[in-house]
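A.B. asks: just a sequence and a predicted model for now, questions to come.
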Amino acid sequence: MYAIALYVLLGVGLAASVGFLALHRPRHPFRITEVNASGWVIIIGLIYARSLLLLGIRGASAAGPWWDVALSLGLLTATTALLLVRFLSYLRYLRAHPEDPPTAS
């Protein structure tokens with residue numbers, strides 16, 4: 001059950017990260033506003049991709065106290081929720097501003 005929860009949370013987070021990055025194509029990717037908007041999404045997406053790869057290779061074991069498992073799943077859930085909020089809020093922004101280019105100037 002622990003491994004399934006990890007696969008689901010990491011998969012959803014990675015999909016939200018990749019979805020946001022696919023939609024958000026800045027004209028000037030190295031401006032500070034663009035780095036601020038998408039830099040953390042890139043970093044967390046890379047960490048999620050690495051974690052999924054290692055989970056597939058090594059597997060998961062919930063060996064440890066219950067609070068350790070609860071803390072790790074809680075933090076992963078919170079981070080995944082942040083990625084989903086970022087992705088969904090950007091989709092809402094695109095729907096509200098169809099004439100604007102999807103980049104900050």
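C.D. replies: That came in fine, so what should we check first?
A.B. asks: can you name every helix or strand that the longest helix along the chain contacts?
C.D. replies: Of all segments of type helix in the chain, defined using DSSP state H, the longest is helix 66-96. Judged by 3 or more C-beta pairs under 8 Å, 6 or more residues apart in numbering; DSSP states H and E, helix 66-96 is in contact with helix 2-23, helix 32-58. Where C-beta positions appear, they are placed from N, C-alpha and C, glycine not excepted.
A.B. asks: among the ones you listed, which is the most enclosed?
C.D. replies: Stretch with highest mean neighbour count among those: helix 2-23 (a mean of 17; mean count of other C-beta atoms under 10 Å).
A.B. asks: from the chain's centroid, how far away is it?
C.D. replies: 6 Å (C-alpha atoms, centre = their mean, to the nearest Å).
A.B. asks: report the angle between that helix and helix 66-96.
C.D. replies: For helix 2-23 against helix 66-96, the angle by axes from the mean of the first three to the mean of the last three C-alpha atoms, to 10 degrees is 20 degrees.
A.B. asks: contacts for stretch 1-16, please.
C.D. replies: Identification of contacts with stretch 1-16 by C-beta atoms under 8 Å, 6 or more residues apart in numbering yields 44-45, 48-49, 51-52, 55, 59-62, 69, 73, 76-77, 79-80, 83-84, 86-87.
A.B. asks: if we use 7 Å, what do you get?
C.D. replies: Contact with stretch 1-16 is made by 45, 48-49, 51-52, 55, 59-60, 62, 69, 73, 76-77, 79-80, 83-84, 87, as judged by C-beta atoms under 7 Å, 6 or more residues apart in numbering.
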